[in-house]
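A.B. asks: Model the structure of this input:
(2 chains)
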Amino acid sequence: MILELSDDALEYGRQARQAFDAAGGDELVLQAEKAPGARESLVGPVLAGLGAWELDPRSDADGVEAAAALCRAAGYWAVPYPLAERLAAPTDLDADGVIVVGGERPAAAVAGLDLRWATVDVAGNRAMVSGHGEIQPGFVTELELSSVDDAGSGDVALALTLPCWTLLGMLDRAIELTVAHVTLRKQFGQPLASFQGVQFQLTDAEVERSGLDILAKHALWSATGNRPDAIADALALRLAAIEAADVVFRVCHQLHGAVGFCDETTLSWLSRHSQPLRRLPFGLSATREELADVAGRRGLAGLFA
Amino acid sequence: MDFDMGKRAGDLRRELRELVAEHVPEHFLGAFTHDPADLETAQRFCRTLAERNLLCLAWPQEFGGGDASVWEQTVVREEMWAAHEPRGAQYMGVNWVGPIIMRHGSAEQQRRHLPPIAAGEVIWCQGFSEPEAGSDLASLRTFARPDKDGWLVSGQKIWTSYATMAQWCFLLARTSRIGEGATTKKQQGLTIFLVPMDDPAITVRPIGTMLGPHHLNEVFFDDLRVTEADVLGTVDAGWSIVQDVMSFERVGIARYARCERLLAAAPAVLGERWDELSDELRGRWIRMLMHCRRARLLAYRVVALQDSGRVTPGDAAAYRIAVTKLDQDSAEVLMDVAAEVRRTDARAGWFLGEVEDHWRYSQASTVSSGSIEMQRILLSRAMLAGRS
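C.D. replies: Reported below is the predicted structural model:
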């Protein structure tokens, strides 16, 4: 059993975090909010410098671990770019990336970028994005699709899994910011961190974050090996990711108090930009339904199935 | 990364399942019921395991064990707990009493105690908790006062599992009061004694509970005479052994395995009607299987970190919080599923009995072996370490 990313992938993730920091860190998302069309010029050079487009996550075990570490680093800074979607690009379509879609009105956080997008649904139906609508909060835009084929079942697992790594990076940061805040902020003459009510809320968040961490690794392993349960494993990860994000951001906002909503506070931007990852391609209830359908009576592969 | 435990672990799992299927009745709900046959089943099963060198698989070879890998030990924990721990009270002797005696016991103590534990012939109980010392264990009051060439122990223990049937007690008592000699804080001046339960100075009083018989007892010590030969380790230095005992409990019982077994069995019990259940209930069921996986993988992470010497109290606490909450959450989902079972369904009796037992037992999971509040304190300390 090897339950951690390779040392190389971890080191790559550390370097990526430093590179995003050097490129502007928390300022990146603020600048992109002002000019969504500038996202490529803001983030593209950093990713190219990190060799992101030389990674081969679809066929290389080292590449997929590096891709996961990169997505986590991007999530930490709420990097305003659909990195996971680009890294999950299918190898047999002329597309820059792949977006998992679901529901009546497919949408994705790809506004302001001039890229060729493929889409795939959980059943493996693929399409190309032929147009999109108005820009919504979080760089989200509704997508017009032109059907391609139904041969995309092999694209689904990784395309569901990598965005969860981005969300995991956001949870890493949200908890880190909150621990720092409750340590500094004093009420009744003592740091918030000294109150057991505060400490116990932090543990609620950390249990969710650490559970998501290990499930993200499991789903990555499952997707890499093209295992028969890879899609169910990815949906299980997505379910855990949304649940974890709900708990973590609720706790982090609560412990930040009113300052956590302010534009000057990083948590508020992380929180806002976690939204597209949590509700697209489908939200909590729909993810659970998709998982129940895919897993069927057998449930998830485990000790007794 | 590789989440496959490997062939040896897989072979062991198959062997254990075959042994359980052959030697443990399907309706077995643990050794401690009102039916004496269940205790006999556990005793027989322990002998079967011992004959195959499976009872003490984790022990070093020099003490008659199998030098099993941490993953093989994990398989044993999972398979035994999923099958209602057919080793009965033996799991305690095998899992930590024996290993602790290996680490801290004298040659004479090892010679006397390890062979009967390895053979599955002896039951131990743990004399730790007291009416005024639960989570705050170091505040215990049971006192060993010096007398002639030893001590006389007086006091009361409570919540002591298996005390009615145990032959030996792993007893923690105060030997020096704060302010005496080198004892300046409550974690000092404590000593572990290994004492026989048939001493007339010991009285056991069972406590009736919703968990069934034998689980909880009071134990009274009235001038129990002990000597240097009964001391485990060093006088007044028992707290470090307690910490060592706790380290064996970091992973603890594999609660997720029984949760997963029952959840996985539910569709077959309901047959075709499973597909007629509401989307909401089937959604809760699949969500709970995800939480089983989450707890299991968190356990594996603690096992791997412990094996490499890098585990922290925070890692272990995060897992313990996840798994004890899983126990209760899954019990509630299973209760909901059980409400859909018809008495005429083929395995209705088995399933309903299992679910009722699981629900009762799960209520204690956030209380026993280190309450969830203690786990939260440990985890928050780890999160805030170095930031004050």
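A.B. asks: can you confirm A:Glu144 is in a helix?
C.D. replies: No: using DSSP: H, G, I helix; E, B strand; the rest coil, the assignment for A:Glu144 is strand, not a helix.
A.B. asks: Around it, how many other residues sit close by?
C.D. replies: 13 (other CB atoms under 10 Å in any protein chain shown). From N, CA and C alone the C-beta is placed, and that goes for glycine too.
A.B. asks: What's opposite it in the beta bridge?
C.D. replies: Beta-bridge pairing of A:Glu144 under DSSP bridges involves A:Gly131.
A.B. asks: where along the chain do the strands fall?
C.D. replies: I went with chain A, as the question did not name one. Using DSSP state E, the strands assigned to chain A run over residues A:97-100, A:107-108, A:117-120, A:126-132, A:141-149, A:186-187, A:190-191.
A.B. asks: please go with chain B instead
C.D. replies: Using DSSP E, the strands of chain B run over residues B:124-127, B:143-147, B:150-158, B:168-174, B:190-196, B:202-206, B:217-227, B:231-232.
A.B. asks: Which one, of these, ends up nearest to A:Val110?
C.D. replies: strand B:124-127 (59.3 Å; CB to CB).
A.B. asks: average pLDDT across the closest one?
C.D. replies: Strand B:124-127 shows a mean pLDDT of 95.
A.B. asks: same deal with stretch B:264-280?
C.D. replies: 94.
A.B. asks: What count of nearby residues applies to the closest residue to chain B within the stretch 101-250 of chain A?
C.D. replies: Residue nearest to chain B within the stretch 101-250 of chain A: A:Gln199 (3.6 Å; CB to the nearest CB). Using other CB under 10 Å, the number of residues around A:Gln199 comes to 19.
A.B. asks: Just give the closest residue to it, not the sequence neighbours.
C.D. replies: B:Ser380 (3.6 Å; CB to CB, 6 or more residues apart in numbering or on different chains).
A.B. asks: Quick one: residues contacting the one you found.
C.D. replies: With contact set as CB atoms under 8 Å, 6 or more residues apart in numbering or on different chains, B:Ser380 has these partners: A:199-200, A:202-203.
A.B. asks: Mind putting the residues you listed into JSON lines with pLDDT?
C.D. replies: Output for the contacts of B:Ser380, formatted as JSON lines (pLDDT from 0 to 100):
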{"residue": "A:Gln199", "pLDDT": "98"}
{"residue": "A:Phe200", "pLDDT": "98"}
{"residue": "A:Leu202", "pLDDT": "98"}
{"residue": "A:Thr203", "pLDDT": "98"}
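A.B. asks: residues contacting the residue of the stretch 1-150 of chain A found nearest chain B?
C.D. replies: As assessed by CB to the nearest CB, chain B sits closest to A:Ile2 within the stretch 1-150 of chain A, at 4.5 Å. With contact set as CB under 8 Å, 6+ apart, A:Ile2 has these partners: B:1-2.
A.B. asks: Could you check how far it is from B:Met5?
C.D. replies: 11 Å (CB to CB, to the nearest Å).
A.B. asks: now B:Ser380
C.D. replies: B:Ser380 is 32 Å from B:Met5, by CB to CB.
A.B. asks: wait, isn't A:His181 in contact with A:His253?
C.D. replies: No: the criterion here is CB atoms under 8 Å, and A:His181 misses it with A:His253 at 10.9 Å.
A.B. asks: hey, what's in contact with both of those two?
C.D. replies: In contact with both A:His181 and A:His253: A:Gly260, using CB under 8 Å, 6+ apart.
A.B. asks: What residues sit buried inside stretch A:257-275?
C.D. replies: Neighbour counts over stretch A:257-275 (16 or more other CB atoms under 10 Å in any protein chain shown) mark A:260, A:265-274 as buried.
A.B. asks: can stretch B:267-281 be found next to chain A?
C.D. replies: Yes: using CB under 8 Å from any CB of the partner chain, stretch B:267-281 reaches chain A at B:267-268, B:274-275, B:279.
A.B. asks: Next, the buried residues of that stretch.
C.D. replies: Buried residues in stretch B:267-281, counted by 16+ other CB under 10 Å: B:267, B:269-270, B:274, B:277, B:281.
A.B. asks: Would you format those residues as CSV with distance to A:Val148 included?
C.D. replies: CSV is the format used below for those (distance: CB to CB, whole Å):
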residue, distance to A:Val148
B:Pro267, 36
B:Val269, 43
B:Leu270, 40
B:Trp274, 36
B:Leu277, 36
B:Leu281, 37
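A.B. asks: and B:Gly181, how many neighbours?
C.D. replies: As a measure of burial, B:Gly181 has 11 neighbours, counting by other CB under 10 Å.
A.B. asks: Next: B:Gly155.
C.D. replies: As a burial measure, B:Gly155 scores 20 neighbours (other CB under 10 Å).
A.B. asks: Just give the closest residue to A:Ala193, not the sequence neighbours.
C.D. replies: A:Val182 (4.3 Å).
A.B. asks: Quick one: residues contacting that neighbour.
C.D. replies: Counting by CB under 8 Å, 6+ apart, A:Val182 has contacts A:191-193, A:198, A:202, A:255.
A.B. asks: again with B:Asp345
C.D. replies: Contacts of B:Asp345 (CB under 8 Å, 6+ apart): B:269-271, B:351.
A.B. asks: Tell me which two of those residues sit farthest apart.
C.D. replies: Among these, B:Gly271 and B:Phe351 lie farthest apart (CB to CB), at 11.6 Å.
A.B. asks: the domain parsing of chain B - what is it?
C.D. replies: B:7-121, B:125-237, B:249-384 (automatic domain parsing).
A.B. asks: and the closest residue in space to B:Gly6 that isn't next to it in sequence, what pLDDT?
C.D. replies: Spatial nearest neighbour of B:Gly6, chain neighbours left out: B:Trp71 (6.8 Å); criterion: CB to CB, 6+ apart. Model confidence at B:Trp71, given as pLDDT, is 94.
A.B. asks: circling back: can you redo the strands of chain B as JSON lines with distance to A:Asp62?
C.D. replies: Below are the strands of chain B laid out as JSON lines (distance: least, CB to CB, whole Å):
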{"stretch": "strand B:124-127", "distance to A:Asp62": "48"}
{"stretch": "strand B:143-147", "distance to A:Asp62": "60"}
{"stretch": "strand B:150-158", "distance to A:Asp62": "55"}
{"stretch": "strand B:168-174", "distance to A:Asp62": "49"}
{"stretch": "strand B:190-196", "distance to A:Asp62": "50"}
{"stretch": "strand B:202-206", "distance to A:Asp62": "59"}
{"stretch": "strand B:217-227", "distance to A:Asp62": "56"}
{"stretch": "strand B:231-232", "distance to A:Asp62": "50"}
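A.B. asks: before we move on, the earlier item: any chance of the buried residues of stretch A:257-275 in TSV, with distance to chain B too?
C.D. replies: Output for these, formatted as TSV (distance: CB to the nearest CB, whole Å):
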residue	distance to chain B
A:Gly260	18
A:Thr265	19
A:Thr266	18
A:Leu267	17
A:Ser268	22
A:Trp269	23
A:Leu270	18
A:Ser271	20
A:Arg272	25
A:His273	24
A:Ser274	20
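A.B. asks: ok, back up a step: pull the contacting residues for the residue of the stretch 101-250 of chain A closest to chain B.
C.D. replies: A:Gln199 neighbours (CB under 8 Å, 6+ apart): A:193, B:376-377, B:380, B:384.
A.B. asks: Please tell me how far the residue nearest to B:Val70 when sequence neighbours are not counted sits from B:Ala257.
C.D. replies: Among residues not flanking B:Val70 along the chain, B:Asp307 sits closest, at 4.7 Å (CB to CB, 6+ apart). Distance, B:Asp307 to B:Ala257, by CB to CB: 19 Å.
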